[in-house]
Every structure is written in structure tokens, then in C-alpha cells.
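Engineer: below is the sequence, then the predicted model.
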Amino acid sequence: MTELTESAKGPDAATAPTAAANNTAEPAPARITQWGEIRHRFLANKLAVVGLVLVALLFIVAAAAPLIATHDPYAQNLANTLQEPSGDHWFGTDALGRDQFSRIVYGSRIAVIVGLASIFLACVIGCILGALSGYFGKAVDSVIMRIADIFFAFPLLIGAIVIILVMGRGVLPVIVSLAVFSWATVARLLRSSILSVREMDYVTAAKALGASTTRIITRHIMPNSIAAVMSYVSFSVGTAVVAEASLSFLGIGVSPEVPEWGNMISAGKDSLGVSDFLWVYPSSAIVLTVLGFVFVGDGLRDALDPKLR
Amino acid sequence: MRGAKSAKWVVGAIVVAMAATACGGGSNDSGKGGGATFRLGITEPKSIDPINAQESEGTLVARQLFVGLYDVKDDGTLAPKLAESAKPNDAGDEWTFTIKKDTKFSNGEPVNAEAFIRGWTRVATKASASDVAYHMNGIAGYKELNGGSSDKFSGLSAEGDYTLKVKLSAPDFEFDKKTAHPAFSPMPKVAGAGDNKSFNDAPIGNGPFKMSGSWEHNKKITLVRNDDYGLEKAKLDKVELAILNPNSGVTLEYKGFESGQFDWARMPVPQMPGAKKKYEPQGEWVKADVAGINYISPFNETSPMNSADARKAISYAIDRAEIAKGVFQGLQEPATALLPPNFKEVYKADVCSSCAKQDKGKAKEYAEKAGLKPGDTLDFGYNTGAGHEEWVQAVAKQVEDVLGVKVKLNGLPFKEALEKQQEKGAKGIWRQAWSADYPTADNFFSPLLSTNGINPDANGKALGDNRGRYSNPKFDELLVKARQTKDAAERAKIYNEAEKLAIDEDQAVIPTWKRTQFRLVNTKKFTNVKIDFYEDPNLAEIGVK
């Protein structure tokens, strides 16, 4: 534990977090910033660090896919189909003779793009509507929350399928459809947190000082309400990765020639017990990715929770 | 052959497997012994009453419960059943069938000409709203009966007890073959109207088997031997048909066979190579080229597929042999004609010159002639979840590599896929498969390639089965001429000419693979088990060891 903290923190912050971590006798002499403390608490959580490593790995693989992949993920070789894993094809080849390892490497790109973009979009929509709803209350609140209720009523996948059938297949429709059915939770979370924050004395003080509504929301309320949303967002990226893979698994996500994990599992599902390498590797990639985001989300929630302070 | 409702479109022509989540089927008390009980798994049929029996599961049961004038042998030739003779007049628009005397329904009612008229009328009556009534649309009086303006089938008449006269609205020297379809079964009086629910679920027929109890929906159907059967009696005592979940039916069948629960099974395609290795040495693996075809249908009316040269370019660009070997693991064979090989009378191999083998040079040459340029986009549609994902990608890649065009794969669930193909102005190419209702070339050519087969509605939506909208008056004329030709050899020549015109010269569609089927059968207990013309087990002929 100590070692982990030692290696992770910056040299100038050396004394302060250690004191806080030990949390024994006197309060720390140096001034501890809020973010410094959050970072420290996060790094003290082993699972969170594991999660961070997994997520970092995912980003590196996605960014450096052409360098890591051993073959062209689209290159078919019909004379070399369904080969067991070997030195040349680490994860074997699929029914069209494509290299599974390279396809999984490239698949991380879609996972990252769809996961981040859909949740970012959901977050933007959710934060704006949630803030308006929480700050103004009354009719605005009612209208926005009833709209949110409507979106809650649709199961994520069913709703996404409808949107994709209208928009057509591809990465963009998948992102949009996942965002459209995820923003409502963000809005809800932010709203409830704002409801308590807006009654705080410092908000009243800001009002008394004549600050504008925009300034109050962006400078005083948002920073203090965003914690709940942040950990949710990290969880959601994992959910979005799974949802995206599910759509492709069902044959309505991205086109089947695109290297994508759900596509690969779908292609391998009938080979259960015959060519298990077809579905085991892409499934593992999804599991590790989701675990990574969940651990990070878990760590963030614990680190951000002011009650632990 | 209107047939937008026809069940013969083959959704999962190559792979019928859909999901792999299956546990090997519940209790197994009938697993051992059971005497001569033949057990197999099917999916819930639409109907087992000939009035609306359509997909292979429904027709399997209907054909055990009823026997009509003819059946089809697995080589596509007719096997006379209750027909002692069938004579067309010289014009070919009136047929006289002599029916075998003194056979009975299992309730004792006689099977005579009246019983046939009763059965056929019951199917074609408007109130029955049968999906298979269109098979009778060549009989005089069909329009009035099916349209509701008459309740008599005016084209049918009985001369004495055992002579059935059929007047047709146009000459058709192959009408006898159509009567092999279960819709043409005789019916006892007790059948009543088409919506007689108790009869629909427990039909009383004249076939080699009869129902034991009623159809237990989504659970099972049990058949027992009909000892009063008027022809050669079945050897099996009993047939148990377990009704499986359609989403995992094929996997359940395979698991059931492995665990000894079933005596006949299909299997998911990826499992086939393994299953073949395991069961072929024991003689439990059977294979048949059946009466169907897998093909690609280009939209003939719209750019870029509105020239024969463009269609030939695509066909030449496909390396069928390589896909058959690499993707299908040698289990499918390239097709070089539209008709299936088991149509012995008319089948000719190598009709389609562009199908013989991949020819990159010719592909490019034809593409250039057609103005199909590198960089152009070609839409390639298919229905999802039916196992087509792999080979369509292989075809797309080959076409891209050879012609330099960009192939855009468009996978849709079956219903949406159908709507997309019917749309006015549909373009590009689609994967298709077709399976025969009866062994006539007309059953392929007329719905799939004739101008009538397009059947557009007021808004230009193509409702017929000619989805590619191929239309050539010369081809239509040949079809009419063939139907009017009495001599079988002469007729076959005309059909060959027609096929050459549509498939080779015009390249209206692009044949890809033959329809080959594989089954596992329990040869430890049973003998003479075969895949019949309709891809079902030949239950009435199976012997017991």
C-alpha cells in the first residue's frame, strides 16, 4: 500500500498524502487541495489502480493498433480459415482466414470510440438538462423529468435497435442510439445532487453578491454536484462497450466485416466446443475492458465521496 | 405462382443455426427401447392440415397424414400414389385422373373423386385464406372461388366415383406434378370448413400414419401407423415429433441426437466437419443435393446492375470454389445452373458460363463494357442471423479485389430485408435462396424470372418473387410454350433454352451454391433412412432392424 502510494504521487506532494493515508495523529501541516486528496484516495485503492492500468492499456492498444497488429484485420485468406492459435496467428484465424489477434487489437478502437463518444454525448445532454432541472425546479423540472421518464421506459437495447433501424447501420448511429438512452440517468443524478447543493450557504452568498445565474451554476453548483455523475460516467463507459458489442452480436451494430468484438463473438458462437478460440478471445477483451471501467468508477466514487473525508 | 406469402423462400439456406445456447434436452425416458418409434425434433409448424401446410415442418406432418394423386421421389420424378392414370387432352388444358379404388380415410369414409374435389375446394375457398391456395391458380374457376364470387370450384368435376376431371384456365402439361403438393390432398366430409379448429389440430386423413391425440402446440405431435392405409404400409409403429424452440432448434436437434433422444437431426454448420468425422464411418451421416438453389439476385432495373455485362462482371469476379472450400469447409458445392441437379429431366450443368470459375480478366472486361468503374459503390444485402454473414463478406471482398468497386454490405432482419427488396428503385445485389414446391422447372422460372413474377403494386413495390425484376418477353414466351408442350423431352429442351437465355445470356440472377443438406440418422435401429425431396425423413419407407 505504502509503496504503491509512494511511487504514484509526485515529489512535491510527498508529505501530505502520506500523512493523510496513515491518518494517525495530528492533522497534516501542509495545505491539502481537494483534488490532491481525491487523487490520493483513488491511488490508495488497489482495484482502482488495476482498473486504471486496464483502461490505460486499452487506450494504448487503440491508439497504436497499426503498430501492435500483426496482420491486416480485413485481409481474408480463404486457404487458411479456422486455424488454431499458432506462432503466426496468436489467436488463430476466423472463418474467412482473418487474423483474430489483429482484429481484436483493431476492435479496441471501436470500443473506445463508441464507449467514450456515446457517454460524452449522454453526459453533455444529461448535464445541461439536469442542471436546468435542478436549479430552476418547478415547471422546468417537471417537464424535463417527465421527458427523462419516457426515456427510462425504453430498455437500452430495444430503443437502440429502433434508432439504428431508422438511421442505418454504422458507428455513428450506434453512438447516437446509446447516448439517447443514457442521458436520462445523468440528468437525474445531477438534478438530485444540485437540489441539495443549491440550498447551501455559499450559493445564497453568491446570489447576495449579485452573481449571474450562469455563473452560479457553472462556478458554484456544478463543481460541487458533479461527483456523483463522474463515477456513473466511468461505469457507463463499460456498459456502453457491452451494449455496442451486443448490438453487433445481434447483427445490427457495425457491418460484419468491421473488426469489432461483438461481431467476432457472433461469428464464433456456433463453434462452441469446436473452435472455442473464435469467441474466447474477443469475450475476454470485453470482460477486461468492462472490469477496467468498473474498477475506475468504483475507485472514483469512493475517492469523491465527501463523507469519507 | 403469386407467392409473396410463399413459404418457399429459404431464410437460412446455408445455415439454419441461430443460437448456441442450448442444454441437451430434458428427460430422456424414451431414450432407450421404444420399439419402432422414430423420434425427431421440428419447430412449431404453421399448420399440419393440408389447407395451410407450407414450411417443411408442416408439410412433413401433412404428407404422413394424407396421400394424394402423386408423391415426388428424391430424384425429382413422380411416384404415383392414388393416381392410376393421368391423361391430359391434346390441348393440355384438361386432365383426367383415374383414382385407385376402395381406399379409405382412417374414419372409414371412402377416398373418391368427390373427396378430392372437397379437399381442393376447401383450400381454394376465399374464407379459408390459405397461403398455399395459389398452387391451384391454374385451375379454371380458381379466380371466382378464391375471390369469393362462387363457392364451387367450376374446373373440377367427378365422372363416376373414381374419375376426376380438371379443367385448366391455360394449357399445362405438367399439372400432374403440381398435385404432389399436400394442398392437393383429398378430404373426408368430417373436415368441414377451413376454420374447423379441432380438425386443424388432429386431421383425419388417408396417409401412411394417423394422429395419436391432438397437436400439442409448441410441445409435440405424435403419429402412429395407419393399418388401414390403402397402399404399402409403413413399418414404423410410431413417430414422435418434439417441437423445439426455433431460436436454438438446430442445436437442440444435434444435442438430442448425440444424447440418443432423436433418431434424425440437423446440425449447426460449424459443428458439421466434426460431426461428419464422427458419424460418417458408422453410416449415420447422410447427404443430399436437394431441390433448391442459393443465388445472388441483382436488381435488373436500376443502375449499376441494369446491364447484363455488369451482372456478368460480378459473377466472373466470384471465386465460388475457394469460398466453398474455405468458408463452407467443403460442405457446399458451386452451382453452375439455376435448376437443381435432382430435376433429372431438365437439369443441365454449366448453363452459366460466368459461374464455371473465377476469371478476373473477363470480370474486368465486362465491368468496363458496363461502365462499372473502380470506386463505384455496390450495395449487397442479406438477412441477418441466418448464418450468411461469413460468405457474403467473402464474396464482397472478392468483388472488391477484382473490380475495385466498393461493396457496401447491408444486413437486415428477414422482414426488413424483404421490404427493402420490394421497394421501388431497389438497387445493388441481394442474397437469395429458393426451394421447390414440386419438381417442375416452371416452379423456379415462373416465380423467379417471369415478368408476371414481378407483380408490382400501384406504388411500384414488387410484391412477387421475381425480386430482381428481370423481364424478357422472349423468356416469358418460352415458358408459355413449354407449358403447352406435351412431350417431356421436347419440353425439357425449351426449358433448357429458357434457362440459357435468362441465366447465361442475360445473367438475370447469379447462381452461387447448390442446396446441399446433411442429416444425422440412427442407422443402428433403422434402415433405408433418406432425405426426401422435401428435405424431410422418408418416414413411410423407413425400415426397422
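Structural biologist: Cool, the structure landed.
Engineer: can we go C-alpha only for contacts and neighbour counts from here?
Structural biologist: Fine.
Engineer: so where's the chain shaky on pLDDT?
Structural biologist: I went with chain A, as the question did not name one. For chain A, the stretches flagged by pLDDT under 70 are A:1-31, A:306-309.
Engineer: meant chain B, my bad for not saying
Structural biologist: For chain B, applying pLDDT under 70 flags the ranges B:1-35.
Engineer: now with 50, please.
Structural biologist: Scanning chain B with the threshold set as pLDDT under 50 gives B:1-7, B:11-34.
Engineer: in it, what residue comes closest to chain A?
Structural biologist: B:Gly326 (4.7 Å; C-alpha to the nearest C-alpha).
Engineer: quick one: that residue and A:Gln76 touch, right?
Structural biologist: No - using C-alpha atoms under 8 Å as the test, B:Gly326 is too far from A:Gln76 to be in contact (10.2 Å).
Engineer: please enumerate the shared neighbours of those two.
Structural biologist: A:Leu96, A:Gly97 (C-alpha atoms under 8 Å, 6 or more residues apart in numbering or on different chains).
Engineer: now for the closest residue to chain B within chain A, how many residues are close by?
Structural biologist: Nearest residue of chain A to chain B: A:Leu78, at 4.7 Å (C-alpha to the nearest C-alpha). Taking other C-alpha atoms under 10 Å in any protein chain shown as the criterion, the count of residues near A:Leu78 is 20.
Engineer: which SS class is it?
Structural biologist: coil (DSSP: H, G, I helix; E, B strand; the rest coil).
Engineer: spell out which parts of chain B neighbour chain A.
Structural biologist: Residues of chain B lying near chain A by C-alpha under 8 Å from any C-alpha of the partner chain: B:17-20, B:268-271, B:274, B:322-323, B:325-327, B:384-385, B:389-390, B:393-394, B:397, B:409-412.
Engineer: the residues you listed in helices, which ones?
Structural biologist: B:Gly274, B:Glu322, B:Ile323, B:Lys325, B:Gly326, B:Glu389, B:Glu390, B:Gln393, B:Ala394, B:Lys397 (DSSP state H).
Engineer: need the residues you listed in JSON lines with neighbour count, can you?
Structural biologist: Shown next, in JSON lines, are those (neighbours: other C-alpha atoms under 10 Å in any protein chain shown):
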{"residue": "B:Gly274", "neighbour count": "11"}
{"residue": "B:Glu322", "neighbour count": "19"}
{"residue": "B:Ile323", "neighbour count": "25"}
{"residue": "B:Lys325", "neighbour count": "17"}
{"residue": "B:Gly326", "neighbour count": "22"}
{"residue": "B:Glu389", "neighbour count": "21"}
{"residue": "B:Glu390", "neighbour count": "17"}
{"residue": "B:Gln393", "neighbour count": "20"}
{"residue": "B:Ala394", "neighbour count": "25"}
{"residue": "B:Lys397", "neighbour count": "22"}
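Engineer: now the residue of chain B closest to chain A, nearest residue through space, not along the chain?
Structural biologist: A:Leu78 (4.7 Å; C-alpha to C-alpha, 6 or more residues apart in numbering or on different chains).
Engineer: what's that neighbour in contact with, if anything?
Structural biologist: A:Leu78 neighbours (C-alpha under 8 Å, 6+ apart): A:Ala95, A:Leu96, A:Gly97, B:Glu322, B:Ile323, B:Lys325, B:Gly326, B:Val327.
Engineer: restricting to C-alpha, output stretch B:514-531 in CSV.
Structural biologist: C-alpha atoms of stretch B:514-531 as CSV (Å, rounded to 0.1, in the frame of the first residue of the first chain):
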residue,chain,number,x,y,z
LYS,B,514,-26.3,-25.8,-54.8
ARG,B,515,-28.5,-26.6,-51.9
THR,B,516,-27.0,-29.5,-50.2
GLN,B,517,-28.4,-30.9,-47.0
PHE,B,518,-26.9,-33.1,-44.3
ARG,B,519,-28.6,-35.2,-41.6
LEU,B,520,-27.6,-37.5,-38.9
VAL,B,521,-29.7,-40.7,-38.8
ASN,B,522,-29.8,-43.6,-36.4
THR,B,523,-28.8,-46.5,-38.5
LYS,B,524,-28.3,-48.8,-35.5
LYS,B,525,-32.0,-49.2,-35.3
PHE,B,526,-33.4,-48.1,-38.6
THR,B,527,-32.7,-48.9,-42.3
ASN,B,528,-33.4,-47.1,-45.5
VAL,B,529,-33.5,-43.6,-43.9
LYS,B,530,-33.2,-40.9,-46.6
ILE,B,531,-33.6,-37.2,-47.1
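Engineer: near chain B, which residues of the stretch 51-200 of chain A?
Structural biologist: Near chain B, when you scan the stretch 51-200 of chain A using C-alpha under 8 Å from any C-alpha, you find A:Gln76, A:Leu78, A:Ala79, A:Asn80, A:Thr81, A:Ala95, A:Leu96, A:Gly97, A:Arg169.
Engineer: what about B:Lys514, which helix or strand?
Structural biologist: strand B:510-521 (DSSP states H and E).
Engineer: following that strand, which helix or strand comes up?
Structural biologist: strand B:526-527.
Engineer: which neighbours does that next one have in its sheet, and in what orientation?
Structural biologist: Strand pairing for strand B:526-527, using DSSP bridges, gives strand B:543-544 (antiparallel).
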